[in-house]
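Q: generate coordinates for the sequence data below:
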Amino acid sequence: MAWVAAGLVGSAATAAAQGNATVDTAAAARSRLWVRPVASLVVPGSGQLMAGQDRGLAYLGIEAYLIVTIIHTNQIATSERDRYRQLAFDVARRSFSPAQQDTAWEYYETMEKYLTSGAFNLSSGPALVPETNPTTYNGSVWLLARETYWADPNTPPPPTSLEYQEALAFYRAHAVGPGYLWSWTNASAQLGEYRTAIKQSDDAYRTVQGQVGLLLANHLVSAVDALISSQLSTRLRRPAEIRTAILGWHRAGVAVTLGF
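A: Next up, the predicted model:
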């Protein structure tokens with residue numbers, strides 16, 4: 001009887017050990033299953049190359065091409081940005097302020113729409129008298145302030161009234177101050193060059209954004225490719241892969257292929 005009991009205990013211990021070994025093996029297999037996808041997510045194509053799949057070179061090639069293209073396009077965008085900012089200062093701003101001060105993009109965008117900024121203050125005294133010429137930028141801001149806060153934009157309320165003070169506060173907040181006045185008068189050729197530089201810079205920055213999106217997509221597709229091929233190859237015991245085709249900056253085709 002003791003011998004039988006010992007045998008049963010030994011069999012149970014063996015079964016438990018085998019069960020633990022099976023669990024450990026399954027856990028290790030699941031862990032290995034994610035090695036290639038994670039590698040491809042970090043460096044596109046690396047998961048495929050780890051499995052001996054030559055298409056990993058395609059992912060690496062796309063990655064290298066996009067990185068080089070992004071760097072080059074960003075250099076163009078930066079160069080054109082520097083060019084239009086320098087043009088703005090040399091031609092339109094220098095006579096108003098000897099110090100070059102850069103500011104938000106919206107300021108430079110406004111400079112291409114209005115020939116002149118107009119004066120900020122028409123008074124030489126302490127009181128603020130806004131620009132009244134509506135064809136200038138500051139004049140258009142003062143017109144908008146009057147239309148917003150006055151009952152009649154052409155009939156000013158008393159300067160001490162709430163309506164007048166609110167319009168004045170709006171003007172102070174949105175008009176271009178003394179350090180940022182400009183004029184493209186008698187400089188139509190330079191203004192045209194300025195507008196071209198702004199467009200080329202803006203177009204280049206938008207292209208960079210699209211290229212960065214493709215770069216991220218290359219990481220993701222490579223990772224999904226590695227995940228699907230490793231899972232299907234393990235479960236179905238036959239090779240599997242994702243085939244991708246770049247059809248342009250905004251289009252791509254994806255297909256799953258199973259080997260037989």
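Q: what is the helix or strand residue 231 falls within packed up against?
A: Counting by DSSP states H and E, the element that carries residue 231 is helix 188-236. Applying 3 or more CB pairs under 8 Å, 6 or more residues apart in numbering; DSSP states H and E, one finds that helix 188-236 contacts helix 2-33, helix 35-42, helix 46-50, helix 56-87, helix 105-111, strand 240-248, strand 251-258. (C-beta placed from N, C-alpha, C; glycine too.)
Q: now do that helix against helix 35-42, angle only.
A: Put simply, helix 188-236 runs at 180 degrees to helix 35-42, going by axes from the mean of the first three to the mean of the last three CA atoms, to 10 degrees.
Q: distance from the chain centre to helix 188-236, please.
A: 10 Å (CA atoms, centre = their mean, to the nearest Å).
Q: swap in stretch 91-106?
A: Per CA atoms, centre = their mean, the centroid offset for stretch 91-106 relative to its chain is 27 Å.
Q: then stretch 55-66?
A: The gap between where stretch 55-66 is centred and where its chain is centred comes out at 22 Å by CA atoms, centre = their mean.
Q: quick check: buried residues in that stretch?
A: Neighbour-count burial for stretch 55-66 flags 55-56, 58-60, 62-63, 66 (criterion: 16 or more other CB atoms under 10 Å).
Q: how about that stretch as CSV, C-alpha atoms only?
A: Output of stretch 55-66 as CSV, limited to C-alpha atoms (Å, rounded to 0.1, in the frame of the first residue of the first chain):
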residue,chain,number,x,y,z
ARG,A,55,11.2,42.7,-47.3
GLY,A,56,12.6,44.1,-44.1
LEU,A,57,15.1,45.9,-46.4
ALA,A,58,12.2,47.6,-48.0
TYR,A,59,10.9,49.0,-44.7
LEU,A,60,14.5,50.2,-43.9
GLY,A,61,14.8,51.8,-47.3
ILE,A,62,11.5,53.7,-46.9
GLU,A,63,12.6,54.8,-43.5
ALA,A,64,15.9,56.1,-44.7
TYR,A,65,14.4,57.8,-47.7
LEU,A,66,11.7,59.6,-45.6
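Q: where does the stretch 51-200 of the chain have low pLDDT?
A: When residues are selected by pLDDT under 70, none of them lie in the stretch 51-200 of the chain.
Q: how much space between residue 126 and residue 53?
A: Plainly put, residue 126 is 77 Å away from residue 53 if you go by CB to CB, to the nearest Å.
Q: please identify which of the two sits among more neighbours.
A: residue 53 (19 against 6; other CB atoms under 10 Å).
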